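**Q** Build the 3D model from these lines:
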Amino acid sequence: MKKIVLSIILCVCANLSWSQRSQKIAYIDMEYILENVPEYLDAQNTLNAKISKWRKKLDDQARHIEILKSDLANEKAI
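**A** This next block holds a predicted model:
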């Protein structure tokens, strides 16, 4: 009985000491890392190219919608 109680107390103390460890905090300069990784720069350039294509496509579609709206307004007037 004493051994069981002693082993339980030992386990609890060991668990408490393990959970009381101090936290380690580090500062990571992600901008520096990302600027110096060529794969990131390639991916960023590819993404920017896709974004510009998507914006051009959206602008073209918006112009087309405006043309359709004006045509519809002209047909309503007739």
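**Q** CA only for contacts and neighbour counts going forward, please
**A** Noted.
**Q** so where's the chain uncertain?
**A** Across the chain, the ranges flagged by pLDDT under 70 are 13-23.
**Q** Helices along this structure, start to end?
**A** 2-19, 30-35, 38-77 (DSSP state H).
**Q** Remind me what the last one packs against, helices and strands.
**A** Helix 38-77 makes packing contacts with helix 30-35 when contacts are defined by 3 or more Cα pairs under 8 Å, 6 or more residues apart in numbering; DSSP states H and E.
**Q** Point out the other helices and strands that the helix it packs on packs with.
**A** Using 3+ Cα pairs under 8 Å, 6+ apart as the test, helix 30-35 ends up in contact with helix 38-77.
**Q** before we move on, the earlier item: turn the helices of the chain into JSON lines, including mean neighbour count.
**A** JSON lines is the format used below for the helices of the chain (neighbours: other Cα atoms under 10 Å):
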{"stretch": "helix 2-19", "mean neighbour count": "11"}
{"stretch": "helix 30-35", "mean neighbour count": "10"}
{"stretch": "helix 38-77", "mean neighbour count": "11"}
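**Q** Please save the CA atoms from stretch 31-42 in PDB.
**A** Taking C-alpha atoms only, stretch 31-42 is exported to PDB below (Å, rounded to 0.1, in the frame of the first residue of the first chain):
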ATOM      1  CA  GLU A  31      10.800  39.100 -44.100                       C
ATOM      2  CA  TYR A  32      14.600  38.400 -44.100                       C
ATOM      3  CA  ILE A  33      14.000  34.700 -44.600                       C
ATOM      4  CA  LEU A  34      11.500  35.200 -47.400                       C
ATOM      5  CA  GLU A  35      13.500  37.800 -49.200                       C
ATOM      6  CA  ASN A  36      16.500  35.400 -49.300                       C
ATOM      7  CA  VAL A  37      14.700  32.300 -50.500                       C
ATOM      8  CA  PRO A  38      14.600  32.100 -54.300                       C
ATOM      9  CA  GLU A  39      11.700  29.700 -54.400                       C
ATOM     10  CA  TYR A  40       9.600  32.200 -52.500                       C
ATOM     11  CA  LEU A  41      10.500  35.000 -54.900                       C
ATOM     12  CA  ASP A  42       9.600  32.800 -57.900                       C
END
